[in-house]
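[1] sequence first, predicted coordinates after that:
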Amino acid sequence: MDFKSNHSSPVLTDPVPLNKARLGIAASLLPYSPSQTGFSSGLHWTCARKKFILSKLDDARASGWLDAMRSSSPPRKRFVKDVTSVEVMDPEAKDACYQSWTLKYPSALSVFEQIVGSAKGKQLALFLDYDGTLSPIVDDPDRAFMSNTMRAAVRDVAELFPTAIISGRCRDQVFDFVGLTELYYAGSHGMDILGPVKHSKSPSLVEESLPNCIRTTDKQGKEVNLFQPAKEFIPMIEEVFELLVKNTKGIKGVKVENHKFCASVHYRRVDEEDWVTVAQCVINVLKGYPRLRITHGRKVLEIRPKIDWNKGKAVEFLLDSLDLTDSNNVLPIYIGDDRTDEDAFKVLRESNRGYGMLVSALPKETNAFYSLRDPSEVMEFLKCLARWKKGRV
């Protein structure tokens, strides 16, 4: 099978990178257009579609939201077509397809020695997503708990390497889930970062963005930088959150969350025939808020400010705060499972200074270099890193 990509999907809605200052903070309200990166033209996933009656829902269908929601959500029935258009449905054939995919995106466990070999003489830094990476994907987002063994693995690596969690959840919520003080936290896709204070005299991204970055102390009294590039949007997000709760209350299974700098509409428990109604409700609310945009996650629509900021920018900010911007002496590793993590993968790939690792049990095109099948493999990889580091000390 050929998994080469032409990177030409119109599904994603993240903004195209803009040629502004590195952080893009001075121009926080910037126009955006659909991304030109996407899935492989050689690998096709489709699912059986139900027909809908077109009326007031035309707006959602015309905008491609239903297709985007299906594309970003694991459907009940998937098809994999190779060059002979053979439909592959049985587990053995699916596993063979996955193994073929790993030829392009090798398992980080199978090439572990190669990865740590490239870290020789360098400072390794870890960046981790939460949902689907450290915890399993579950129907109820409030019950996405990480296991005690995973928490121990994260604690071990955080004591050995600079480590941060970058999540779509609000920062306080992800901290409550993780419960570790040994690492740094970035919530709302990096729009709410509690990071280290940089003490070196070299030019700093932090210093360039003083209006959005304040020095404070964390819950343990440690001096930290609080960086919130979208702070002015907090009242607007609260307003939109309340409208979304009101407008979707008649749709069974919908869950709306306020992550302070973004709002999430989960449709994991919603019947697929009602997905287009969910999309229409969100679109109708957002018509009155041109400074906000909608992006897609795994069975979730996320409402975010239109600013040039994402998880990739958050990685750059944290590396700078940690004084780890020298690509010759630093090896960043980012592990994540969702579309929003692709921005971080892309930053590491294009700067040629680290590795992205996609957590997925299904073949998909990605900017990552390596793959891990599920959170259990993430935990094993973290344990391997800790054993490797301790063996070198």
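    Noted; the coordinates are in hand.

[2] now the helix or strand containing Q280, how far from the centre of its chain.
    Assessed by DSSP states H and E, Q280 sits inside helix 275-286. Taking CA atoms, centre = their mean, to the nearest Å, one finds helix 275-286 lying 22 Å from the centre of the chain it belongs to.

[3] which strands and helices sit next to the helix or strand following it?
    Per DSSP H and E, the first helix or strand lying C-terminal to helix 275-286 is strand 292-297. Contacts defined by 3 or more CB pairs under 8 Å, 6 or more residues apart in numbering; DSSP states H and E place strand 292-297 against helix 65-71, helix 234-248, helix 275-286, strand 300-305. Glycine gets a C-beta too; all of them are placed from N, C-alpha and C.

[4] against R215, how distant is the nearest residue to W101 once chain neighbours are set aside?
    Excluding the flanking residues, the one nearest W101 by CB to CB, 6 or more residues apart in numbering is P363, at 3.6 Å. Computed as CB to CB, to the nearest Å, the P363 to R215 distance reads 45 Å.

[5] got it, and T277?
    Counting by CB to CB - T277 and R215 are separated by 46 Å.

[6] between the two, which one's more packed in?
    Taking other CB atoms under 10 Å, T277 and R215 do not tie; T277 has more neighbours (20 against 11).

[7] skip the chain neighbours and tell me the closest residue to the more buried one.
    Nearest to T277 is I251, by CB to CB, 6+ apart, at 6.0 Å.

[8] residues contacting the one you found?
    V270, D274, T277, V278, C281 (CB atoms under 8 Å, 6 or more residues apart in numbering).

[9] between these, which sits nearest R298?
    Within those, distances to R298 taken as CB to CB reach their minimum at V270, with 13.5 Å.

[10] state the mean pLDDT of stretch 249-259.
    Taken as a whole, stretch 249-259 has a mean pLDDT of 95.

[11] export it to CSV, keeping only CA atoms.
    Output of stretch 249-259 as CSV, limited to C-alpha atoms (Å, rounded to 0.1, in the frame of the first residue of the first chain):
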residue,chain,number,x,y,z
LYS,A,249,-30.1,21.3,25.6
GLY,A,250,-32.7,19.6,23.4
ILE,A,251,-30.1,17.3,21.8
LYS,A,252,-29.7,14.0,23.7
GLY,A,253,-26.1,13.2,24.6
VAL,A,254,-24.5,16.6,24.0
LYS,A,255,-22.0,17.8,26.6
VAL,A,256,-20.7,21.4,26.6
GLU,A,257,-17.6,22.4,28.5
ASN,A,258,-16.0,25.8,29.3
HIS,A,259,-12.2,25.6,29.2
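
[12] and it, how far from the chain's centre?
    21 Å.

[13] any weak-confidence spans in this structure?
    1-64, 72-89, 199-211, 392-393 (pLDDT under 70).

[14] again, only using 80
    Of all residues in the chain, those with pLDDT under 80 make up the ranges 1-90, 198-212, 218-221, 392-393.

[15] run through who's touching stretch 384-391.
    Residues contacting stretch 384-391 (CB under 8 Å, 6+ apart): L109, F112, V116, L124, L126, A153, D156, V157, L160, F161.

[16] the helix holding Q280 vs helix 234-248, what angle?
    140 degrees (axes from the mean of the first three to the mean of the last three CA atoms, to 10 degrees).

[17] and helix 275-286, what does it pack against?
    Looks like helix 275-286 contacts helix 58-62, helix 65-71, helix 234-248, strand 263-266, strand 292-297, strand 300-305 (3+ CB pairs under 8 Å, 6+ apart).

[18] downstream of the last one, the next helix or strand is which one?
    Pointing back at strand 300-305 there. Following strand 300-305 toward the C-terminus (DSSP H and E): helix 311-321.

[19] what packs against that next one?
    strand 123-128, strand 163-166, strand 184-187, strand 192-196, helix 205-208, strand 330-336, helix 342-351.

[20] do you know which of those lies nearest A230?
    Across those, closest to A230 is strand 192-196 (CB to CB), at 8.2 Å.

[21] which residues touch T340?
    D14, G168, H189, T295, G297, E302, N310, K311.

[22] top of those residues by neighbour count?
    H189 (30 neighbours).

[23] from T248, how far out is that one?
    21 Å.

[24] picking that back up, could the helices and strands packed on helix 311-321 go into JSON lines alongside mean neighbour count?
    Below are the helices and strands packed on helix 311-321 laid out as JSON lines (neighbours: other CB atoms under 10 Å):
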{"stretch": "strand 123-128", "mean neighbour count": "22"}
{"stretch": "strand 163-166", "mean neighbour count": "26"}
{"stretch": "strand 184-187", "mean neighbour count": "25"}
{"stretch": "strand 192-196", "mean neighbour count": "23"}
{"stretch": "helix 205-208", "mean neighbour count": "16"}
{"stretch": "strand 330-336", "mean neighbour count": "25"}
{"stretch": "helix 342-351", "mean neighbour count": "22"}
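
[25] ok, and for stretch 287-298, which residues are buried?
    Y289, L292, R293, I294, T295, H296, G297, R298 (16 or more other CB atoms under 10 Å).

[26] nearest to P91, of those?
    Nearest to P91 among those: R298, at 21.6 Å, using CB to CB.

[27] nearest spatial neighbour of that closest one, skipping sequence neighbours?
    That would be D338: by CB to CB, 6+ apart, it lies 5.9 Å from R298.

[28] could I get the phi/psi values of the one you found?
    In terms of degrees, to the nearest 10, the main-chain angles of D338 are phi -120, psi 170.

[29] that one and G132 touch, don't they?
    Yes: counting by CB atoms under 8 Å, G132 is a contact partner of D338 at 6.3 Å.

[30] give me the more crowded residue out of these two.
    D338 (24 against 21).
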